[in-house]
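> only geometry, no sequence info:
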């Protein structure tokens, strides 16, 4: 009983890398997967979220005006595959120049495999997009590709910012900007009437789940390598 309590207690302390931080990451991953499952179940059974799609569409239609539409078109581009992949390539090059080999590798895996995950989900659910659209959009609707890419890329940039930028002012600025972009890109897709609300929520939760899996594995790899280097140094000094 005492050992069991000590194990549980250890998961919520900062004494080890596998303590509180890992516990929070695992809990958020489980919640994201659960939330995605709730959305899918609701869509299949046409529950409250399904009807909320139409309600949110009607509410957004009331604020559609040309000046806001222009802004939303520019914002939505920041979540496009073209822009997010280009931005990811730039960040990966910077990481390679800093010799962050494992971080750059996992960022690449997050994006490339995430693209396959998104394609599979879209083909599996083959949900039609809302009509009429303010801008043209092709392919299936669920989950939203823009919200998926936004969560993956800007979410990984939040992780990088938290770990590598020490200037508090700059760190806070980037964290706020990335967080705002994630949510504004999702809203822009609803505003432009190319996605339902549940498409956006599904894209966020699916991408966040995949993002957390990669970050968790990356952190484990980094700490195992750090422990191995520490053991090697101890053997040399000994």
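The structure has been received and is ready for your questions. Every value quoted in this text rests on a predicted model; they were computed, and no experiment measured them.
> From here on, just use CA atoms for contacts and neighbour counts.
Will do.
> residues contacting residue 131?
Residue 131 makes contact with 193, 194 under the criterion CA atoms under 8 Å, 6 or more residues apart in numbering.
> Which secondary structure element is home to it?
Assessed by DSSP states H and E, residue 131 sits outside every helix and strand.
> ok, the residue lying closest to residue 30 once chain neighbours are set aside - how many residues close by?
In this structure, residue 30 finds its nearest non-sequential neighbour in residue 209, 7.9 Å apart by CA to CA, 6 or more residues apart in numbering. Around residue 209 there are 23 other residues, counting by other CA atoms under 10 Å.
> so which helix or strand takes in residue 209?
helix 197-237.
> related to what we said a few turns ago, how about the residue nearest to residue 30, what does it touch?
So, once contact is read as CA under 8 Å, 6+ apart, residue 209 ends up touching 29, 30, 32, 33.
> gap between the second one and residue 77?
It refers to residue 30. 30 Å (CA to CA, to the nearest Å).
> Assign a three-state SS to residue 128, would you?
coil (DSSP: H, G, I helix; E, B strand; the rest coil).
> Might you report the residue contacts of it?
So residue 128 contacts 140, 141, 142 (CA under 8 Å, 6+ apart).
> repeat that with 7 Å
Applying CA atoms under 7 Å, 6 or more residues apart in numbering to residue 128 gives the contacts 140, 141.
> mind checking pLDDT for it?
Note for residue 128: predicted pLDDT of 91.
> Next: residue 5.
With respect to pLDDT, residue 5 has a value of 45.
> cool, residue 191 as well?
So, for residue 191, pLDDT stands at 96.
> Isn't it up against residue 60?
Yes - Residue 191 is within contact range of residue 60, at 6.0 Å (criterion: CA atoms under 7 Å).
> Which residue of the two possesses the greater neighbour count?
The neighbour count for residue 191 versus residue 60, taken as other CA under 10 Å, is higher for residue 191 (27 against 14).
> SS state for residue 166?
coil.
> what number of residues lie near it?
10.
> That one and residue 127, how far apart?
44 Å.
> now swap in residue 164 and tell me
40 Å.
> And the residue most central in space within the chain, how far from residue 169?
For the chain, the residue lying nearest the average C-alpha position, counting by CA atoms, centre = their mean, turns out to be residue 151 (3.0 Å). The spacing between residue 151 and residue 169, counted by CA to CA, is 23 Å.
> Please apply the same query to residue 141.
Taking CA to CA, one finds residue 141 at 38 Å from residue 169.
> List the contacts of residue 185.
Counted by CA under 7 Å, 6+ apart, residue 185 has contacts 75, 76, 79, 146, 147.
> Next: residue 152.
So residue 152 contacts 207, 208, 211 (CA under 7 Å, 6+ apart).
> What about it? Give its phi and psi, please.
Per-residue torsions, residue 152: phi -60, psi -50 (degrees, to the nearest 10).
> Output the below-cut-off pLDDT ranges for this structure.
Scanning the chain with the threshold set as pLDDT under 70 gives 1-21, 227-238.
> ok, now with 80
1-23, 225-238 (pLDDT under 80).
> mind listing the helices for it?
For the chain, the helices defined by DSSP state H occupy 2-10, 20-45, 48-61, 66-77, 81-97, 101-125, 145-164, 168-191, 197-237.
> Can you lay out the contacts of residue 209 as CSV showing neighbour count and distance to residue 174?
Below are the contacts of residue 209 laid out as CSV (neighbours: other CA atoms under 10 Å; distance: CA to CA, whole Å):
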residue, neighbour count, distance to residue 174
29, 21, 23
30, 14, 26
32, 21, 23
33, 17, 27
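> Please produce a markdown table containing the residues you listed, extended by distance to residue 184.
Formatted as a markdown table, these follow (distance: CA to CA, whole Å):
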| residue | distance to residue 184 |
| --- | --- |
| 29 | 23 |
| 30 | 25 |
| 32 | 20 |
| 33 | 22 |
